[in-house]
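> Next come a sequence and a model predicted from it.
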Amino acid sequence: MEDNANFTEELQKKILQKTDWYNNTEFIRMLEKYRLLYSCVKNLYDLLIQKNIIQVDPYRFDKKISEITVPETGPFNENDKSIVIGTRFSDYYSMLDFVCTYTRFSVDNINLPKIKKLQELNTCFNWEEMSSNSTKPNTRGLYLMINEARANSPQIVQSMVNDHMSRCSQTVAEINQMLNQLIRFQRELYKLTIRKDLLEHPSFNTEKAMESSENELSEIKRIFAEAMGKKPFYTELVNEIINEDQAPNKNALRAEVMAKLEIKDTVKKAVKKSIDTKELLMNSVLVLGALPPTYHSFIEKMEVNNKLLHTKNNSFFSKLLDALRKAFGIRKNTEILKVPFMDPVTKHKTTKEIQLDKILSDINKKERLYSGIAAKGSEYSKIQAASEDQILSFLGKQISENQNMYNTIAALDDYFKTAVAPNDRPKVKGMKLDLDTMRNTIINCNKKRGEYQAFIEEAEQMKKLGIEND
C-alpha cells in the first residue's frame, strides 16, 4: 500500500510538470498551427468564391457557434456539388475561425471528447489524401473544385493554391500528431484522477481491493459514481490502473508510464550558440499573423451593423435622393459617421468623423498583409530580408496603427449599439470578444518586441564592459 502511495505521489509530480508544459508551450504551438491552417483555408475559400465555383453561404451569419461541431461528411447528389460543398467548406472555415478565436487551449479544456471532435474536424476534408479518387465525398468534391479554380488561373495563383494545399496537408498532420500525444497524456491524467479521488476516498476499501485484481475492480465500480461524479467509466484505463497495482510486471508498467510523461526538450543543450536576434525579432512579426481571423470578423460584423443603420435612415426622402442621384448619374458622397470618442488617458469625450468605407478598406489591407505573414508567404519573406532596424521600425508602425484601429473599432462598436433603430438593436453584431482578442495580440506583439530590445540593450552593455555574450 505504501508502495502504491509513493507511485501516486511521483506520478502526480510528473503530470503536474507535463500539464504546465502543455499549457505554456505545446498548446501555444498547436494554436499557431491552427491559425496557419485557417489562413490557408480562408485563402482557398476566397478563391472559390471569386471564381464563382461556390456561393457564399447565405445562412452563415445566422449560425450560432458555441462549441466545436463537425460539418456534414455524407454522400450527396453530384448535381448539388457546388451548393453542398460550398456550405460544408464554409462551415469548416467558420469552425476553424471558432477554434482559433474562442477555444481555450488548456489541459482542463481540451479533454478526450474535445480531442475526438478536433480530430473529426481535421479529417472532414482530408488534406493529406486530396484527389479525385478519394472515397470521402467532401474531399473528392473539394479537390475537383480547387482543381477547376487552379486550371483557369495565372501561374502565380496556381502556385499559391499548390502551396496552400501542401501547407494544409503538413499542418493537419502535425496537429494530429500533437493530438495523438495529448490523448496519451489525458489517459494518464484520467488514471491519476481515479487514484487520487477514488482510491484515496474514505469509502474505498484498500485492504480488500489489494487482495486480488477482481476485488480492486469491484471496489472501483462500487464507489465510482460517488467519488467521480459524472466522469465516464473507461474500462480499459481502469484495468491499466489495476495492472499497475497488482500485475506481476507492475514495476515495468509503472516505468513505462513514467517514460510516457517525460517532457521532450526540443532545445539543444549540447552546443552553445549565439542567439539569432533577427529570428527573435521575426517572432514578434509572426504574432501579427494571429490577427486575420479577428479582422475578417470585424469586416463582416461592421457590414451587417451598417446595413442595420441604413434601415433606420431609409426614409422616403433618402430613397428619393438616391433615385435622383442614380437618374442623373450623380455620385453619392462618401458615408461619414459622427462617432463619440473617449480619450483612454484623459477620459475627455470628443466626436470624430469616421469614413466607414476607408476603415473597412484599411482593415482589409491589414488582413491580407497579416495572412501573408501567418502563411510565411512573400510578405513574410520581404520583411525577413530587411535589416533589423527596418523590421523594428515596421513593428513599431504596426503596433501603433493597430492600437489606433482598436480605439476606432471600439468606438464604432459602441456607436452601432446605440445608433441603430431600437427594434434592430438585438440584431447588432457585438465586437467585444474580437476586440479582446485584438488587444491581447497587440500586447503580445509589443511584449516580444520589448524582449528583443531588452536583449539588444543588455548585449550592448556587456560589450561595453568587455564581456562576450555566448
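Thanks, I have the structure now.

> What's the biggest helix in the chain, counting residues?
As assigned by DSSP state H, the longest helix anywhere in the chain is helix 155-197.

> Okay, buried residues for whichever helix or strand comes after it please.
The element immediately downstream of helix 155-197 (helix or strand, assigned by DSSP states H and E) is helix 206-209. Buried residues in helix 206-209, defined by neighbour count with 16 or more other C-beta atoms under 10 Å: A209. (Each C-beta comes from the backbone N, C-alpha and C, glycine too.)

> And the contacts of helix 206-209?
M1, L199, N215, E216, S218, E219, I220 (C-beta atoms under 8 Å, 6 or more residues apart in numbering).

> And the fifth one, which helix or strand is it part of?
Per DSSP H and E: S218 is located in helix 213-228.

> So which elements touch that helix?
If you count contacts as 3 or more C-beta pairs under 8 Å, 6 or more residues apart in numbering; DSSP states H and E, helix 213-228 packs onto helix 155-197, helix 206-209, helix 235-246.

> List the buried residues for it?
Using 16+ other C-beta under 10 Å as the burial criterion, the residues of helix 213-228 that qualify are N215, E216, L217, E219, I220, I223, F224, A227, M228.

> same check, this time on stretch 183-201
When burial is assessed from 16+ other C-beta under 10 Å, stretch 183-201 yields the following buried residues: 185-192, 194-195, 198-199, 201.

> Take the residues you listed and write them to a markdown table, including distance to K432 and pLDDT.
Below are those laid out as a markdown table (distance: C-beta to C-beta, whole Å; pLDDT from 0 to 100):
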| residue | distance to K432 | pLDDT |
| --- | --- | --- |
| F185 | 34 | 95 |
| Q186 | 32 | 95 |
| R187 | 37 | 95 |
| E188 | 38 | 95 |
| L189 | 33 | 94 |
| Y190 | 36 | 94 |
| K191 | 40 | 94 |
| L192 | 38 | 93 |
| I194 | 40 | 94 |
| R195 | 42 | 93 |
| L198 | 42 | 94 |
| L199 | 45 | 93 |
| H201 | 43 | 92 |
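
> tell me the mean pLDDT for the helix holding S218?
Taken as a whole, helix 213-228 carries a mean pLDDT of 94.

> Not counting residues beside it along the chain, what's closest to A173?
Excluding its sequence neighbours, the residue lying closest to A173 (C-beta to C-beta, 6 or more residues apart in numbering) is E128, at 6.0 Å.

> for I263, same thing?
Nearest to I263 is W21, by C-beta to C-beta, 6+ apart, at 5.0 Å.

> how much space between the one you found and I15?
As judged by C-beta to C-beta, to the nearest Å, W21 and I15 stand 10 Å apart.

> same deal with N205?
For N205, the distance to I15 equals 26 Å [C-beta to C-beta].

> got it, and A209?
In terms of C-beta to C-beta, A209 sits 22 Å off from I15.

> how close does the residue positioned nearest the centre of the chain get to E216?
Central residue of the chain (C-alpha atoms, centre = their mean): C100, 1.7 Å from the mean position. The gap separating C100 from E216 is 44 Å, by C-beta to C-beta.

> Also M282?
Look at M282 and E216: by C-beta to C-beta, they are 54 Å apart.

> now do E67
For E67, the distance to E216 (C-beta to C-beta) stands at 36 Å.

> ok, back up a step: the residue nearest to I263: neighbouring residues, count only.
When counting by other C-beta atoms under 10 Å, one arrives at 17 neighbours for W21.

> Kindly report the same for I68.
Number of residues near I68 (other C-beta under 10 Å) recorded here: 18.

> Make sure K14 is actually in contact with M258.
Yes: between K14 and M258 a contact is recorded at 6.2 Å, counting by C-beta atoms under 8 Å.

> Neighbour count: those two, which is higher?
Between K14 and M258, counted using other C-beta under 10 Å, the more crowded position is K14 (18 against 14).

> about what we covered before: from the buried residues of helix 213-228, pick the one nearest M30.
M30 lies nearest to M228 out of those, by C-beta to C-beta, at 27.9 Å.

> which ones are touching that closest one?
T193, I194, D197, L198.

> and E353, what element?
Using DSSP H and E, E353 falls in strand 349-355.

> scratch that, Y406 is what I was asking about
Applying DSSP H and E as the criterion places Y406 in helix 388-419.

> Can you name every helix or strand that the helix or strand just after that helix contacts?
Remark: after helix 388-419, the chain's next helix or strand is helix 432-464, criterion DSSP H and E. Packing partners of helix 432-464 (3+ C-beta pairs under 8 Å, 6+ apart): helix 81-102, helix 277-287, helix 292-313, helix 388-419.

> Give me the angle between the last one and strand 349-355.
With axes from the mean of the first three to the mean of the last three C-alpha atoms, to 10 degrees as the basis, helix 388-419 and strand 349-355 are set at 100 degrees to each other.

> likewise the first one?
Our comparison of helix 81-102 with strand 349-355, counting by the same axes, to 10 degrees, yields an angle of 150 degrees.

> Which strands and helices lie in contact with helix 81-102?
When contacts are defined as 3+ C-beta pairs under 8 Å, 6+ apart, helix 81-102 packs onto helix 27-50, helix 112-123, helix 137-151, helix 292-313, helix 432-464.

> ok now the third one, how far from the chain's centre?
From the chain centre to the centre of helix 137-151 is a distance of 25 Å (C-alpha atoms, centre = their mean, to the nearest Å).

> which residues touch that helix?
For helix 137-151, contacts defined as C-beta under 8 Å, 6+ apart pick out 44, 47-48, 51, 53-54, 71-76, 81-82, 84-85, 88-89, 124-126, 129-134, 157-158, 161-162, 165.

> follow-up on the earlier one: now the helix or strand encompassing the residue nearest to I263: buried residues?
Taking DSSP H and E as the criterion, W21 maps to helix 2-21. Residues of helix 2-21 classed as buried: N4, F7, T8, L11, K14, I15, K18, W21 (neighbour count, 16+ other C-beta under 10 Å).

> Just the C-alpha atoms of the helix or strand F341 falls within, please, in CSV.
Here F341, judged by DSSP H and E, is contained in strand 336-342. Extracted in CSV, the C-alpha atoms of strand 336-342 (Å, rounded to 0.1, in the frame of the first residue of the first chain):
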residue,chain,number,x,y,z
ILE,A,336,-19.4,59.8,-42.8
LEU,A,337,-20.3,58.6,-39.3
LYS,A,338,-20.1,61.0,-36.4
VAL,A,339,-18.8,58.8,-33.6
PRO,A,340,-18.3,59.7,-29.9
PHE,A,341,-14.7,59.0,-28.8
MET,A,342,-13.2,58.9,-25.3
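
> what does the average pLDDT come to for it?
What strand 336-342 shows for mean pLDDT is 85.

> Name the residues of stretch 364-381 that come out as buried.
Here stretch 364-381 shows 366-367, 369-377, 379-380 as buried, counting by 16+ other C-beta under 10 Å.

> before we move on, what about stretch 101-116?
Taking 16+ other C-beta under 10 Å as the criterion, stretch 101-116 shows T101, T103, F105, V107, I110, K114, I115 as buried.
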